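> Build me a structure from this.
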Amino acid sequence: MIRVVCIFISFILCLSTNGQSENYEYQKDLAFFNATNKWFSAWKLLSEDIYKIEKVRPVEFVFFDDKYVYSTSTITIKNGSLVKGCNLMNLKLKWKKSLHNDTLTLPDNSVIPVNLMSFSAQIPNKNNDSFFVIPLPSYWKKNEITSKELGLENLITGVFIHEFSHSQQMQNFGKKITAFENQYSFNVEFNDDVVQNIFGKDSIYVNFYNKEVEHFYNSIKGYWLDKKILPRA
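Numbers count the residues shown, from 1 in each chain. Model prediction:
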């Protein structure tokens, strides 16, 4: 009788553990899907309503949290398991996920440690296609990133739009900027942070910059109040 009871208890514990594991996996995948859906919807709105562009150049995506990498790249994830993900406008995407074990193999075959980063880069010898890397929101939260002005979710969406836009510019602006970089020397790393790199230690510049940002946020807030998107105090 004791043996039967022990087997029964073991069976119940096993079911409980499996249930918790399945729920954990579900929550991870759901967080990936929701974040991707928000980012892609924001890009679609920006692209169609402002840029008047209805197609996206081919891109391979690499998204990750503290445990998994979610990707459309067969270089980043050779095997892995299929996972429900979003398409982006004309791009029909096949998503997989896999444990990353704190390193990422990128579509250009480089291997980097998992850290807080977001960027686009070209894939060599592949019709000038690009890839895009960004952490999922839970990874930003883990690293205690906040935004008083925007809120974390909107901040990350803004980062996505900014960095993803580079993946769409490599065949036009990208080529011109590369030629410009080869022609001149700036004594700092030449990237989209070049203004910060040059003037970041100039207190007068930083002071004017902060005032401009403050005016910018106040103007947006005023617009939202006028449109009754935000309640008046």
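> Which helix or strand contains the residue most central in space within the chain?
For the chain, the residue nearest the mean C-alpha position is residue 134 (3.1 Å; Cα atoms, centre = their mean). In the assignment (DSSP states H and E), residue 134 maps to strand 130-135.
> Centre of the chain to that strand, how far?
The chain centroid and the centroid of strand 130-135 are separated by 7 Å under Cα atoms, centre = their mean, to the nearest Å.
> so what's the residue nearest to the centre of the chain up against?
Each residue near residue 134 by Cβ atoms under 8 Å, 6 or more residues apart in numbering is listed here: 62, 63, 117, 118, 156, 159, 160, 163. All C-beta spots, glycine's among them, are computed from the backbone N, C-alpha and C.
> could I get the residues you listed as a markdown table with distance to residue 42 and neighbour count?
Converted to a markdown table, these look like this (distance: Cβ to Cβ, whole Å; neighbours: other Cβ atoms under 10 Å):
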| residue | distance to residue 42 | neighbour count |
| --- | --- | --- |
| 62 | 19 | 22 |
| 63 | 15 | 23 |
| 117 | 20 | 13 |
| 118 | 14 | 15 |
| 156 | 10 | 24 |
| 159 | 11 | 16 |
| 160 | 7 | 21 |
| 163 | 13 | 17 |
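> shaky segments in this structure?
1-20, 171-181, 186, 190-192, 220-233 (pLDDT under 70).
> hmm, back to that, could you identify the helix or strand that succeeds the strand holding residue 134?
The helix or strand immediately downstream of strand 130-135 is helix 137-142, counting by DSSP H and E.
> now for that next one, which elements pack on it?
Helix 137-142 sits against helix 2-46, helix 152-167, with contacts defined as 3 or more Cβ pairs under 8 Å, 6 or more residues apart in numbering; DSSP states H and E.
> follow-up on the earlier one: so the residue nearest to the centre of the chain bridges to which residues?
Per DSSP bridges, the residues bridged to residue 134 are residue 63.
> How much space separates it from residue 43?
Relative to residue 43, residue 134 is positioned 12 Å away (Cβ to Cβ, to the nearest Å).
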